[in-house]
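J.: Sequence first, then the predicted structure:
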Amino acid sequence: MKRHLPLLAAALALLLPPPTPALANVVRPAPDFVLSTGKPVRSLRGQPVVLLVAPSPRSRAFRKQVRRLEADYQRYAARGTVFVAAFTQSTEGLESNIPFVVARDGATVAAQYGVNTPFGLAVIGMDGNLDLITSEVSGAYRVRDAILNNYQHQSQERKPPAQR
């Protein structure tokens with residue numbers, strides 16, 4: 001049976017379509033959306049993206065999450081992390097030590113990411129993979145771990161066992 005495995009693998013390769021090169025290693029692709037600048041979020045591939053979804057910048061959960069992220073902002077900036085805010089109701093009053101880019105249509109972004117609670121946090125990896133999504137305010141360590149560890153760990157896990 002073992003000597004027939006290469007033949008079986010070759011036959012399956014002929015039947016299955018080849019993976020799309022851009023998404024070959026993406027397990028859970030993050031939904032695309034447009035930033036207020038008109039730039040699609042997929043144009044940020046190669047940079048981690050932290051997405052915060054809230055009704056407004058005055059939302060208690062949004063402000064609490066921003067305070068937690070500010071403590072580690074220098075580490076995020078060193079990785080080229082882009083912070084995006086998607087507001088479902090109002091964008092006035094966005095004040096933070098973290099430079100945020102605002103999503104064009106926050107309600108649509110919330111729907112695409114399945115955020116049906118007042119708050120959502122997502123981390124999109126450098127490869128466009130949705131590495132973390134939660135409806136809870138998270139500690140800075142959890143976001144940092146998603147940015148630092150998931151990409152390397154998942155890249156390793158996606159390789160065939162012979163290449164690990």
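T.: That came in fine, so what should we check first?

J.: Sketch out the strands for the chain, chain order is fine.
T.: If DSSP state E is used as the criterion, the strands of the chain fall at 49-54, 82-87, 100-102, 120-124, 130-134.

J.: excluding its backbone neighbours, what's nearest Asp32?
T.: Setting aside the residues directly before and after it, Asp32 is nearest to Arg42 in space (CB to CB, 6 or more residues apart in numbering), at 5.1 Å. To be clear about C-beta, it is placed using only N, CA and C from the backbone, and glycine gets the same treatment.

J.: right, I mislabeled it, should have said Val34
T.: Nearest residue to Val34, sequence neighbours excluded (CB to CB, 6+ apart): Arg104, at 4.5 Å.

J.: ok, back up a step: near the residue nearest to Asp32, how many other residues are there?
T.: Arg42: 15 surrounding residues under other CB atoms under 10 Å.

J.: and what of Thr37?
T.: Other residues near Thr37 number 9, with proximity taken as other CB under 10 Å.

J.: Then Asp145?
T.: Neighbouring residues of Asp145 were enumerated by other CB under 10 Å; the total is 16.

J.: Okay, it and Leu130: tell me how far apart.
T.: The gap separating Asp145 from Leu130 is 15 Å, by CB to CB, to the nearest Å.

J.: what do you get for Gly120?
T.: Relative to Leu130, and taking CB to CB, Gly120 is found at 12 Å.
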